[in-house]
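**Q** missing the sequence, but the structure's below:
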């Protein structure tokens with residue numbers, strides 16, 4: 001059978017593995033939105049933790065003789081630098097650690113971290129919003145007619161059927177895909 005009883009197309013495509021998954025990487029936004037929730041949340045969590053660790057390393061590495069903070073050993077451990085990185089990115093306040101205006105390199109790192117944070121926040125919120133607002137079971141409310149009609153002369157025949165929406169709202173930018181399998185009659 002070309003189409004099984006559930007409506008899935010039974011066509012097997014033979015292609016190289018990189019060609020098979022290559023189109024997913026060309027449209028990464030749709031691929032991530034189509035992913036299950038746990039993958040989206042894991043991806044977001046990984047991005048946030050990676051940025052925190054990266055900038056914590058920059059703050060910690062800069063806390064030596066050329067101190068970013070211009071204070072003697074203000075960051076004693078890597079955990080102090082990680083706390084400063086999280087505080088800077090989430091804007092919950094600095095507490096004991098802060099970057100002074102006298103230290104140009106610290107200000108530059110803080111600006112870059114804030115810009116990365118804004119981009120990451122906007123991207124992640126956009127992905128979550130797109131995933132929430134995407135209709136998952138919209139096709140379940142579409143009803144097709146039980147009968148169809150073939151009309152027109154033999155040179156330009158048309159297949160006609162009806163589609164109805166059970167919801168009261170109209171479909172916006174609706175598109176349909178029809179696959180018809182037939183064997184032409186020979187004379």
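**A** Received it, and whenever you're ready, just let me know what you need. In this text, all values refer to a predicted model and were calculated from it rather than measured experimentally. Numbers count the residues shown, from 1 in each chain.

**Q** report the central residue of this structure.
**A** Central residue of the chain (CA atoms, centre = their mean): residue 32, 3.3 Å from the mean position.

**Q** pLDDT-wise, which helix or strand of the chain ranks last?
**A** helix 17-26 (a mean of 59; mean pLDDT, DSSP states H and E).

**Q** for the helix or strand just after it, name the packing helices and strands.
**A** Using DSSP states H and E, the next helix or strand after helix 17-26 towards the C-terminus is helix 28-34. Applying 3 or more CB pairs under 8 Å, 6 or more residues apart in numbering; DSSP states H and E, we find helix 28-34 packed against helix 37-61, helix 104-133. No exception for glycine: its C-beta is placed from N, CA and C like everyone else's.

**Q** got the buried residues for helix 28-34?
**A** 32-33 (16 or more other CB atoms under 10 Å).

**Q** so where's the protein uncertain?
**A** For the chain, residues meeting the criterion pLDDT under 70 lie at 1-3, 5, 7, 9-26, 62-74, 92-97, 100, 102, 135-139, 168-172.

**Q** quick one on the thing from earlier: quick check: the residue nearest to the centre of the chain touching residue 40?
**A** Yes - counting by CB atoms under 8 Å, residue 40 is a contact partner of residue 32 at 6.2 Å.

**Q** what sits in contact with each of those two?
**A** residue 127 (CB atoms under 8 Å, 6 or more residues apart in numbering).

**Q** rewinding a little: tabulate the helices and strands packed on helix 28-34 (a markdown table), appending distance to residue 160 and mean neighbour count.
**A** Putting those into a markdown table (distance: least, CB to CB, whole Å; neighbours: other CB atoms under 10 Å) gives the following:
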| stretch | distance to residue 160 | mean neighbour count |
| --- | --- | --- |
| helix 37-61 | 41 | 15 |
| helix 104-133 | 34 | 14 |
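
**Q** Throw these into CSV and include distance to residue 27, thanks.
**A** Converted to CSV, the helices and strands packed on helix 28-34 look like this (distance: least, CB to CB, whole Å):
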stretch, distance to residue 27
helix 37-61, 15
helix 104-133, 13
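
**Q** of all those, which lies closest to residue 75?
**A** Closest approach to residue 75 among the helices and strands packed on helix 28-34 (CB to CB): helix 37-61, 5.9 Å.

**Q** neighbouring contacts of the closest one?
**A** Contact with helix 37-61 is made by 32-33, 35, 68, 75, 78, 80-82, 84-86, 88-89, 106, 109, 113, 116-117, 120, 124, 127-128, 131, as judged by CB under 8 Å, 6+ apart.

**Q** number of nearby residues for residue 75?
**A** Look at residue 75: counted by other CB atoms under 10 Å, it has 23 neighbours.

**Q** how much space between it and residue 161?
**A** For residue 75, the distance to residue 161 equals 70 Å [CB to CB, to the nearest Å].

**Q** equivalent analysis for residue 147, please.
**A** 7 Å.
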